[in-house]
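Trainee: Next come a sequence and a model predicted from it.
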Amino acid sequence: MALSNPSAAEKTEILFGQLGGTAIKGYKINRSINNSTTWSTIVSNTNSTTTTYSDTGLSSNTIYRYRLFAINSVGPSLRSNIAYAAIGNATKP
């Protein structure tokens, strides 16, 4: 999973390779802003195999962490590795 550089509109784009096994139906996307202590589900199911997601309305000088789960007929996969996006002057860990 990789993140593109945020634009002036304070957004980041998540670019991820296909996760999971057969017949992926979508992805669950989690985001954390407090050092991965608490995760929020920002998309419970993309209902798409598209491997791009734009996260908008982000705050300046903030580090966002993302993790993904592939979803198929069995349910969600194990989580992906964590990707970081540093918005504004925030420094990645």
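Mentor: Right, received. Where do you want to start?

Trainee: can you pull the contacts of residue 39?
Mentor: 30, 31, 32, 67 (CB atoms under 8 Å, 6 or more residues apart in numbering). No exception for glycine: its C-beta is placed from N, CA and C like everyone else's.

Trainee: what stretches of this structure score poorly on pLDDT?
Mentor: 1-22, 92-93 (pLDDT under 70).

Trainee: please redo it, this time with the cut-off set to 90
Mentor: The model of the chain has pLDDT under 90 over residues 1-24, 34-37, 48-64, 68, 70, 72-75, 77-78, 80-93.

Trainee: for it, which strand is longest?
Mentor: Counting by DSSP state E, the longest strand found in the chain is strand 62-72.

Trainee: For that one, which strands pair with it and how are they oriented?
Mentor: strand 26-32 (antiparallel), strand 75-76 (antiparallel), strand 83-87 (antiparallel) (DSSP bridges).

Trainee: Point out the one among the ones you listed that comes closest to residue 41.
Mentor: With CB to CB as the criterion, residue 41 lies closest to strand 26-32 of the strands paired with strand 62-72, at 5.6 Å.

Trainee: returning to that earlier point: from the contacts of residue 39, list just the buried residues.
Mentor: 30, 31, 32, 67 (16 or more other CB atoms under 10 Å).

Trainee: Now that the third one has come up, it's in contact with residue 65, right?
Mentor: Yes: look at residue 32 against residue 65 with CB atoms under 8 Å: they come within range, at 4.3 Å.

Trainee: Strands along this protein, start to end?
Mentor: 2-3, 12-15, 26-32, 40-43, 52-55, 62-72, 75-76, 83-87.

Trainee: Which residue is the nearest non-sequential neighbour of the residue positioned nearest the centre of the chain?
Mentor: By CA atoms, centre = their mean, the chain has its centre lying nearest to residue 66, at 3.9 Å. Spatial nearest neighbour of residue 66, excluding adjacent residues (CB to CB, 6 or more residues apart in numbering): residue 83 at 4.9 Å.
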